[in-house]
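*Asks:* need a 3D model of the sequence below.
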Amino acid sequence: MTTKNIIIVILMVLSANILSAQTVSSYILPTKPQLVLENGGKVYVEPLVNTGEKAPEFGNKYSSTLSALINKNAADKGRIKGVYNSWYTNKLYTVVNSESDADYIIKGTYLIEANSSYEYTEIKSIAKLSNIPYFTYQHTNSVKASLNGTLNVVNASSSNVLTTVPLTATKSDSKIRYIHNDGPLNADNYIKDIAKRTIRGYSGVFTPKYVAKKYSFKKAKANKKTMEKADFKTTKKELKAQQKAIKILAEQGKIKEMGAMYLKIAAMGNKIKNLSKVENNIAYCYELIGNYTKAKTYYTKAGDSRSLEQLTKLIDMQQFIKKMGHDVTEEEF
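*Replies:* Predicted structure coming up:
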């Protein structure tokens with residue numbers, strides 16, 4: 001690589017570093033629960049009743065996992081430090097410890113079955129170069145485990161069943177061996193596997209899906225074409241100081257303060273070369289704190305159709321939470 005090309009590459013890297021800025025990660029709510037209990041309320045989860053003999057611990061474990069997940073909200077997730085939208089922490093339901101305190105009762109039954117089998121077939125053959133016959137055996141080891149059950153959601157006051165969720169899972173395997181025999185496959189391992197998959201797959205039916213999203217904020221740039229040289233230098237220096245302050249605010253999770261500074265920068269109008277990027281930053285801040293009305297306004301100004309499309313889904317979730325009877329306040333900065 002020539003010296004000239006090396007210089008160009010270095011300049012490109014420096015340019016990329018100047019344009020990029022801090023990032024902020026938070027949770028968004030992209031999908032509703034599979035099942036919705038009208039207006040939320042208090043929920044009591046009974047241990048599932050085992051109608052068979054296998055996996056007696058499953059009923060308690062499933063119920064405790066379901067209770068924990070119903071009681072969760074975005075702030076409990078832990079993987080993302082900041083949840084800046086106050087109404088994301090609203091719990092749709094509250095788990096209680098007794099039927100007498102509940103609006104809804106979740107109860108059910110389950111049956112886990114498993115069986116393994118072994119069979120062999122004797123194979124006789126005559127060697128091509130000899131009349132000496134030889135014998136071998138085909139060993140077939142098979143196992144199958146299944147889980148079948150139901151969850152019933154009951155209105156505590158009327159005892160009416162509001163909805164039923166089927167619990168089903170199966171796992172089977174068959175292995176063929178020659179000469180050696182592995183013996184029966186361990187059915188207990190298959191029971192454990194379908195129990196884990198059932199807990200993982202069905203425990204979230206009453207809770208919304210939270211997904212982490214990373215917001216990448218862009219630095220504002222002074223517009224050399226709209227200012228005199230002295231004014232350009234002053235503006236450039238001012239933006240650098242503001243950007244430094246914004247970076248600190250981002251690290252501290254102060255989204256409203258960040259948004260207020262970006263509003264101040266946007267008010268500089270044609271002095272800003274990449275004004276649409278700044279408007280996008282403002283929209284990010286509004287989205288992070290849950291003000292989707294203002295976020296929509298600034299995404300529209302910035303011409304960010306992709307973010308507008310996703311915001312539509314978030315607005316739908318916002319309306320859903322309102323219908324559940326929860327307070328949704330769009331905060332300002």
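*Asks:* now the strand or helix carrying L308: average pLDDT?
*Replies:* In this assignment (DSSP states H and E), L308 forms part of helix 305-323. Per-region confidence: helix 305-323 scores 93 on mean pLDDT.
*Asks:* distance between it and the chain's centre?
*Replies:* How far helix 305-323 lies from its chain's middle: 16 Å, per CA atoms, centre = their mean, to the nearest Å.
*Asks:* likewise stretch 241-260?
*Replies:* For stretch 241-260, the distance between its averaged C-alpha position and the chain's averaged C-alpha position is 27 Å (CA atoms, centre = their mean).
*Asks:* what sits up against that stretch?
*Replies:* Applying CB atoms under 8 Å, 6 or more residues apart in numbering, the set of residues contacting stretch 241-260 from outside is 21-24, 81-82, 84, 217, 219-220, 261-262, 264-265, 281-282, 285-286, 288-289, 331-333. Every residue, glycine included, has its C-beta placed from N, CA and C.
*Asks:* quick one on the thing from earlier: buried ones in the helix holding L308?
*Replies:* By neighbour count, and taking 16 or more other CB atoms under 10 Å as the criterion, the buried residues in helix 305-323 are 307, 311, 314, 317-318, 320-321.
*Asks:* among the contacts of stretch 241-260, name the ones in strands.
*Replies:* Using DSSP state E, the members of the contacts of stretch 241-260 that fall in strands are 21-24, 217.
*Asks:* now, the most widely separated pair of those?
*Replies:* Spanning the widest gap among those are A21 and V24, at 10.2 Å by CB to CB.
*Asks:* just the helices in the stretch 1-150 of the chain please.
*Replies:* Using DSSP state H, counting those that start in this stretch, the helices found in the stretch 1-150 of the chain span residues 3-19, 58-70.
*Asks:* and the shortest one, what does it pack against?
*Replies:* Going back to what we said before, that points to helix 58-70. When contacts are defined as 3 or more CB pairs under 8 Å, 6 or more residues apart in numbering; DSSP states H and E, helix 58-70 packs onto strand 41-45, strand 49-50, strand 93-95, strand 104-126, helix 187-202.
*Asks:* could I have it exported to PDB, CA atoms only?
*Replies:* Taking only C-alpha atoms (Å, rounded to 0.1, in the frame of the first residue of the first chain), the coordinates of helix 58-70 have been written out as PDB:
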ATOM      1  CA  PHE A  58     -42.500 -30.900  37.100                       C
ATOM      2  CA  GLY A  59     -45.800 -29.500  38.400                       C
ATOM      3  CA  ASN A  60     -44.200 -27.400  41.100                       C
ATOM      4  CA  LYS A  61     -41.400 -26.200  38.900                       C
ATOM      5  CA  TYR A  62     -43.600 -25.200  36.000                       C
ATOM      6  CA  SER A  63     -45.900 -23.200  38.300                       C
ATOM      7  CA  SER A  64     -43.100 -21.400  40.100                       C
ATOM      8  CA  THR A  65     -41.500 -20.500  36.800                       C
ATOM      9  CA  LEU A  66     -44.800 -19.300  35.400                       C
ATOM     10  CA  SER A  67     -45.400 -17.200  38.600                       C
ATOM     11  CA  ALA A  68     -41.900 -15.600  38.300                       C
ATOM     12  CA  LEU A  69     -42.400 -14.700  34.600                       C
ATOM     13  CA  ILE A  70     -45.900 -13.200  35.200                       C
END
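*Asks:* on that earlier part again, show residues contacting the helix holding L308.
*Replies:* Residues from elsewhere that reach helix 305-323 (CB under 8 Å, 6+ apart): 28-32, 87, 90, 92, 208, 280, 283, 287, 290, 292, 295-296, 299-300, 328.
*Asks:* over to stretch 262-276?
*Replies:* Counting by CB under 8 Å, 6+ apart, stretch 262-276 makes contact with 218, 220-224, 226-227, 231, 235, 239, 242, 246, 278-279, 281-282, 285, 301-304, 333, all of which sit outside it.
*Asks:* list the buried residues of it.
*Replies:* For stretch 262-276, the buried set under the neighbour-count rule, 16+ other CB under 10 Å, comprises 262-263, 265-266, 268, 271-272, 275.
*Asks:* export it as CSV, just CAs?
*Replies:* Only the C-alpha atoms of stretch 262-276 are listed here, as CSV (Å, rounded to 0.1, in the frame of the first residue of the first chain):
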residue,chain,number,x,y,z
TYR,A,262,-30.3,17.9,21.0
LEU,A,263,-33.3,20.2,20.8
LYS,A,264,-31.0,23.1,21.5
ILE,A,265,-28.7,22.0,18.7
ALA,A,266,-31.6,21.5,16.2
ALA,A,267,-32.7,25.1,16.9
MET,A,268,-29.5,26.3,15.3
GLY,A,269,-31.2,25.4,12.0
ASN,A,270,-29.0,25.7,8.8
LYS,A,271,-25.9,26.1,10.9
ILE,A,272,-26.1,22.3,11.3
LYS,A,273,-24.9,20.3,8.3
ASN,A,274,-26.6,17.0,9.3
LEU,A,275,-29.8,18.4,10.8
SER,A,276,-31.8,15.3,10.0
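*Asks:* no further questions, thank you.
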